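S.K.: next come a sequence and a model predicted from it.
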Amino acid sequence: MIATPEIQTARTRGIANHELLEVSMGPHHPSTHGVFRMNVLLDGEVIVKLTPVFGYLHRNHEKIAEKNSYLSAIPYTDRLDYICSMTNNWAYVLSVEKLAGIAVPERAEYIRVITAELTRLFNHACLAGFLLQDMGALGTPLMYAFREREKILDLFESLTGSRMMCNYLRFGGCRCDLPDGWLKQAAGVLAAFSPFLDQFEALLDENEILHARSEGVGVLPRELAINAGVTGPGLRASGVNYDVRKVDHYGIYDRFPFRVPLGEHGDVLDRYMVRILEMRESIKILDQALREIAPGPIIDPKAKLRNLRPKAGEAYGRIEGPKGELGFYLISDGGPTPYRFRVRPPSLINLTVLEDMCIGHSISDVVIILGSVDIVLGEVDR
Amino acid sequence: MLSLEQISTRICAAIAGARIETVPNASPSAQASLLIDNEHAREIAAFLRDDRELQFDYASNVTGVDWPEKTVKVKTKTKKVIDGVEKEVEELVEQKTPAFLEAVYHLYSMVRGGGPLILRLRTGNRTDHAVLPSLTPVWRSCEFQEREIYDLFGVTFEGHPDLRRILMWDGFEDHPMRKDYQPVAEEETKP
Amino acid sequence: MNALDQIFVTIQHWLAGLAPAAVQPLVSMLLIIGGLMGVFGGCFALTTIIERKTLGRMQNRFGPNRVGPFGLLQPMADGLKMLTKEDIVPFSADHILHFLAPVALTVPVWLAFSVLPFGRNMYAIDLDCGILFFFAIGSTSELAIFLAGWSSQNKYSLVGAMRAIAQMISYEVPLVLASVPVLIAASSLSLPAIVHAQSGFALGWVPRWNVFTPWGIAGFALFMIAASAESNRCPFDLPEGESELIAGYLTEYSGFKYALFFLGEYLGLFAVTGLGVTLFLGGWQAPATWLEWIPSWGWFALKFGALIFLFIWVRATLPRLRLNQLLNFAWKFLVPLAVVNLVVAVAWWQSSVWQFPGALEVRWLLGTVLLAVPYVWLGRAWNDVESAPRHYRYAE
Amino acid sequence: MLGRGIIRGLIETGRNFCGSYHDKERLTTVQYPEEKLAPQENARTIPFLVYDGNDPVAGLRCTACTICEQECPPQCISIVKDTVKKPDYLGKMQLHPKVFDIDITVCMSCGICAEVCPFDSIKMDQVFELAQGKRSMILHKNNLAKSNTYFGEIHPTEAAAVNEARAEEVRKAEAKKAAQAAPVSA
């Protein structure tokens, strides 16, 4: 624990533990993004010690998946990070394709990139909305973000049948093809997204209160970020250039010349701005993908879905989810159900450094730092 | 990125007495892994992270796997005297594979962009010797994941800064992710 | 015009006349009290619904529109709900203080309305030290909020109460300092006298309101910022920071006591807005002679509504400040600016004797420069964190 | 200059406030009970059984092959096979389910049963106003069965494809039967 000046003062003033205020923030707290609890030791308003407590939403997703077949594990992956179900599907399906060696046709790859980038768009928009809600802006940025999210969810509903629980990707492609007119509708939604981003930036980017509240708060040094396995926008805000799309070259991301924004200070403002800039990059990817998608098969007809029995072996597949590196580690023993089904939860691992970032700050900062880490409890507790 | 053999020879050269075996992986993903012995585990991990050539500075994923006892039919050649003549005969013999708990580490290098290097640590057996050296002092990202293995599989990690149950509540005794776990009736598990 | 303007005064005299002579002063005072409580009670109900509808409109959605036409009966529904909600008092709470807190907040705030002039000779009482009385009443709300926070025996309410004390005391100073130039200009503490001092028109068409002078604009801005901090409105709603302290000092209150807290908070807001209108926007004066046909209390209501809309508008946009920034903002930014504003006001009056042509423009220029320089210098010093604009490099 | 960002933010919310009175984009609320958005064509909520013709019991397409029961992730379908065999649309003798229950509270509307059913007999419905007094919501065969025309209404393109494929199979069966009958007569 970094002994910040506040802790020195707490020690030098000989404050015995009983003078410190022990507050448990959560699991029933308005801004913990789900049932997440932090036992916080306060010296006045300054945090002296913070221990996260997990497990309130634990339903042992991995044990359920070990009892179900590979195909019927897909709807459960929607419920891991229940905001971005498309990217969860893609991570699972990617690792099963690695395990069983299934090829994916061209059009399906394009559909996967389109749905993943759409998910990244509204996940980052929602994050900005939740972060401002934690700062006290009574819902206005959140409502603007949710208005855009509704349009994208309507696209997902007309494509997959359900707004949030899409259950759309299959091993070797997708479940059904794009309904006609979907691409034009998607282009329309995309065209409306950049003006929304300009409006968002007009509302918030030069806002003195936002800068004052987030500059220099919750600083995550570069080495600690790497060592603690923080991934996603949180890591790039600390200046580390690591984006799984650029490192693993999975799917067809090589065809899209997008850039990876990097921050310098690694504080809450950088994490917020990196996400806004990432949305702009995703819009560029989507523009190109929606233009270039060509008709063709979306799944090779003889792909076995029902009783898929991959050879005995193991595979670890990972993608760049909106929250970080989402990976699935599958061990197969040749049977219809996976022997071991492991999810690498980016939200849980990004929380390793929550205490290091919060020590020495006040209560209102802890709420914002937690908001900037962007966790979803479905993925943290699995 | 160096191939698996080069990495294992490099480790053996750097750390005397390190026993490393490569565990093949039959699936098309061809991600073979290195089984390392528990005594030198932390030295090997520190070497992997600090070595100029390798720089595996990012432990992406730590997984617990339960390998219970299995009776496997193995074809073995035994000499049998059949009607007076000594002959090599193949027959199926029931053999019990050794049971153990395993922790699998997927390592990446953020600096070099290196692919997954997979380390496997195996415990003595599933009951009393379920102890492994913790790699959290080397990579802090293993902290919560090793706590989860301790919680769901029952592997105690020595040297872990804060080994407590992470997902189940503290009063829970059993380890739910083990293959031989019988879920208790609903009422008793209420905390 | 005059009849419509004095309609409430005539009704009050007529009704008071009905009572026997001995009791007349008492009856007339009771009528005024009844009128004030009725008007501002209704205004509270109206403002809750208007606030929620305006917030909704700013967030691309309707406000409440289910109860009654356009949702106008929503306050009735809220009031009924609050009445029927169970009034939970925490076991370890200090029961007497827990009950007294909302009462201590709401009762004094009604007194603040007694000195405000709502129209031409429409005021409850013309105290010659009216504004002093107003600020004395205004400072009782801190005690009530701390009482609530302390007696709830809840960690969050305690932190909320501590924040309330720090915030309200440190924003009392700029509030009073911002209104001092107005008192000097009107050379009287009585509010109707201040309004009369702002009658008449300069240069023929510009009304002689305090806000149309350099020190008036700055004073009005300072006053409104300090007023929103006094009444715990948005950028300064730390004591009741929903996203951090659940509900701050209101956490352990439910049922009608919770409603009483809201009544007290909104009445405090109305009182401070009423004072702002009286001091800076010329009370019930009409902005132009040909607009006199709207009665004086109508003008007061219009200006009052405009300021309330401004508060709601700010609430929809701005996030919340942190406690140390809040206090820094008060002591390092508002108070020095208020003092500079005093100096500018004095310079303004001293220079009123200049007769050469263009004296007005020069005085305006001098006033704005004298105010702008400290504003910019303090502004840069205020956000002391390196506010160098962030640039983000891209990696291919 | 301090306050410039705040003023830009206020202008933005002000623009939204005025916009909400004339610009549809700025006021996106749908007043649910009065105005209802038409569900998307592919929307899916809970499964239902399709029957041809107008008699729900005779025309039921389901042949109790229990594939959906095995594949259903939360295991919420329970089927009891009937012993009597009845001819299906191709004339082949097929079993029929005596009992076909779906526990709606367990079903997570994932659509895997509709995807894996080889006989196109279970499809995804679009009804979502399912609130009711009873605690357990187990839908039995009779309240699950809905006609093929209803299926055509809610999923037009999919229904057309399914009907066209079934008609094709019927034509192929007739052609085969005719071919078998022809050589005998020739």
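M.R.: The structure has been received and is ready for your questions.

S.K.: residues in contact with the residue in chain B positioned nearest to chain C?
M.R.: Closest contact between chain B and chain C, by C-beta to the nearest C-beta, is at B:Gly113 (11.9 Å). Yep, even glycine has a C-beta here, placed from its N, CA and C like the rest. Counting by C-beta atoms under 8 Å, 6 or more residues apart in numbering or on different chains, B:Gly113 touches A:Val247.

S.K.: quick check: next helix or strand after the longest helix seen in chain C?
M.R.: For chain C, the longest helix by residue count, based on DSSP state H, is helix C:24-58. As assigned by DSSP states H and E, the chain's next helix or strand after helix C:24-58 is helix C:74-84.

S.K.: specify the local secondary structure of B:Ala18.
M.R.: Counting by DSSP: H, G, I helix; E, B strand; the rest coil, the backbone at B:Ala18 sits in coil.

S.K.: which residue is the nearest non-sequential neighbour of it?
M.R.: B:His40 (4.5 Å; C-beta to C-beta, 6 or more residues apart in numbering or on different chains).

S.K.: still on that earlier bit, so does the longest helix of chain C get close to chain D?
M.R.: Yes - judged by C-beta under 8 Å from any C-beta of the partner chain, helix C:24-58 and chain D are in contact via C:Thr54, C:Arg57, C:Met58.

S.K.: can you show me the strands along the stretch 151-300 of chain A?
M.R.: A:169-170, A:173-174, A:260-262 (DSSP state E, counting those that start in this stretch).

S.K.: list the strands paired with the last one, with their directions.
M.R.: Counting by DSSP bridges, the strands paired with strand A:260-262 are strand C:393-395 (antiparallel).

S.K.: let me see the mean pLDDT of the partner strand.
M.R.: Averaged over strand C:393-395, pLDDT sits at 84.

S.K.: and the contacts of it?
M.R.: So strand C:393-395 is contacted by A:Asn241, A:Lys246, A:Arg259, A:Val260, A:Pro261, A:Leu262 (C-beta under 8 Å, 6+ apart).

S.K.: quick one on the thing from earlier: and of the strands of the stretch 151-300 of chain A, who's closest to A:Leu155?
M.R.: strand A:173-174 (14.2 Å; C-beta to C-beta).

S.K.: for the closest one, give the mean pLDDT please.
M.R.: Mean predicted confidence for strand A:173-174 is 92.

S.K.: how far away from the center of its chain is that strand?
M.R.: Remark: strand A:173-174 is offset 22 Å from the chain centroid, using C-alpha atoms, centre = their mean, to the nearest Å.

S.K.: ok, C:His196 - contacts?
M.R.: So C:His196 contacts C:Ala186 (C-beta under 8 Å, 6+ apart).

S.K.: could you give the bridge partners of A:Arg340?
M.R.: Here A:Arg340, judged by DSSP bridges, has bridge partners A:Ile331.

S.K.: roughly how far does it sit from B:Phe100?
M.R.: 14 Å (C-beta to C-beta, to the nearest Å).

S.K.: number of residues surrounding residue 78?
M.R.: You didn't pick a chain, so chain A it is. The number of residues packed near A:Asp78 is 24, by other C-beta atoms under 10 Å in any protein chain shown.

S.K.: wrong one, chain D
M.R.: Around D:Ser78 there are 15 other residues, counting by other C-beta under 10 Å.

S.K.: so it sits in a strand?
M.R.: Yes - counting by three-state DSSP, one finds D:Ser78 located in a strand.

S.K.: surely it and D:Pro97 touch.
M.R.: No - in this structure D:Ser78 lies outside contact range of D:Pro97 using C-beta atoms under 8 Å: 9.8 Å.

S.K.: rewinding a little: and the residue nearest to B:Ala18, how far is that from B:Arg19?
M.R.: Per C-beta to C-beta, B:His40 is found 8 Å from B:Arg19.

S.K.: check A:Ser69 too.
M.R.: 38 Å.

S.K.: same question, C:Phe304
M.R.: Counting by C-beta to C-beta, the gap from C:Phe304 to B:Arg19 is 84 Å.

S.K.: what residue in the stretch 151-300 of chain C comes nearest to chain B?
M.R.: Scanning the stretch 151-300 of chain C for the residue nearest chain B gives C:Lys155, at 23.2 Å (criterion: C-beta to the nearest C-beta).

S.K.: what does chain B put close to chain A?
M.R.: Contact residues, chain B versus chain A (C-beta under 8 Å from any C-beta): B:25-29, B:31, B:57-61, B:63, B:65-66, B:104, B:106, B:108, B:110, B:113, B:116, B:118, B:139-145, B:152, B:165-169, B:176-177.
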